[in-house]
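Asker: Sequence isn't available, so here's the structure alone:
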C-alpha cells in the first residue's frame, strides 16, 4: 500500500479487544505488513507457503487471515470501507436497492468433492459465487456454494442474509435465472421486490442491460485478483473471505485516489 492508501485503511480498521480492556494478548506484529501480505496473496494468486521473504512468515500471515475471517473482523473492516466509499459518492451508508447475480468458476484439485459440483449451463466443474451489490457495484453480501446449486435455491439464503444486515433494502434487480416462486418468497418473507431485468428477444449480440451491468462489473473487478480466477480454497468461508479481501482493495484504492 502507498502511504495515502494506508492512511485510509488504518482509519477503517476494527480495533482489537486488548486496547479497550476487553481481554486478549497484545498483537506482536505490524498491521500494515500483515495487510500487505494478505493483499499480495489475493492479488498475485500465490500459495501461502510461497509468501516472499519480505513479508512475515507465511504461517503468521495465515493465522492473521484466519483470525480475521473467524471473528468477523474482516466483514467489519470491509463494511467500514464500503460506508466510506458510499459517503464519498454522496450516498447514504445504508443502500435501498441492490443487484443479485452468480458466477461459476472452476475448482482446483484442492476443492473437496463435498463442496463442489457441475454447472450444466456453464459447463463448469467447481463452485459458484452468489453476490448482492449496491448500485455502485460494491459488495453487500456473498455466499459460495457448489456450482450445481441453482441460483434460485442459493438466493433464498442470500436474500435472508441481505435482509438481516441491510434493513433499508426494498428493491433487488435480477436476471431471468431468478424468476418463478422466488419473486413471491422475496416479497412475502423478506419484504423485498425482486425485479427481473430481461433481455429483449429482438436484441442481437452483446447488449448492456440496465442495472444488471453493475453486478457484472463487480465480477470483473474480482477477476483482477488472480487468487479468484479459480477457486483454490478448501472451505467455502475462506473463499468468501478472499472475495471480501479483493473488494477491500478496490475500495481502499478508490478512497486513496479521492484523498489525493
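Answerer: Noted; the coordinates are in hand. Fair warning: this is a prediction, and the values are worked out from it, not measured in the lab.

Asker: how about the longest helix that the chain contains: buried residues?
Answerer: If you go by DSSP state H, the chain has its longest helix at helix 236-259. Residues of helix 236-259 classed as buried by neighbour count (16 or more other C-beta atoms under 10 Å): 236, 239-252, 254-256. Heads up, the C-betas are built off the backbone N, CA and C, glycines and all.

Asker: Could you do stretch 223-235 as well?
Answerer: By neighbour count on 16+ other C-beta under 10 Å, the buried set for stretch 223-235 is 225, 227-228, 231-233.

Asker: now do the same end-to-end measure for that stretch.
Answerer: Terminal residues of stretch 223-235 are spaced 20 Å apart (C-alpha to C-alpha, to the nearest Å).

Asker: Ok, stretch 140-156 next?
Answerer: End-to-end distance of stretch 140-156 (C-alpha to C-alpha): 15 Å.

Asker: Which residues belonging to that stretch are considered buried?
Answerer: For stretch 140-156, using 16+ other C-beta under 10 Å, the buried residues are 140-149, 151-152, 154-155.

Asker: Strands of the chain, residue ranges please.
Answerer: Per DSSP state E, the chain carries strands over the ranges 97-106, 117-119, 124-133, 139-146, 171-174, 193-196.

Asker: hmm, back to that, out of the buried residues of stretch 223-235, who's nearest residue 75?
Answerer: Set against residue 75, the nearest of the buried residues of stretch 223-235 by C-beta to C-beta is residue 233 (16.7 Å).

Asker: tell me the contacts of that closest one?
Answerer: 110-111, 239, 242 (C-beta atoms under 8 Å, 6 or more residues apart in numbering).

Asker: With residue 62 instead?
Answerer: residue 48.

Asker: How much space separates it from residue 9?
Answerer: Separation of residue 62 from residue 9 (C-beta to C-beta, to the nearest Å): 20 Å.

Asker: which stretches of the stretch 151-260 of the chain have low pLDDT?
Answerer: Residues of the stretch 151-260 of the chain that meet the criterion pLDDT under 70 lie in 199-208, 260.

Asker: If we use 80, what do you get?
Answerer: Judged against pLDDT under 80, the low-scoring parts of the stretch 151-260 of the chain cover residues 198-210, 259-260.

Asker: And the pLDDT for the residue nearest to residue 126 when sequence neighbours are not counted?
Answerer: In this structure, residue 126 finds its nearest non-sequential neighbour in residue 107, 3.2 Å apart by C-beta to C-beta, 6 or more residues apart in numbering. We have a pLDDT of 97 for residue 107.
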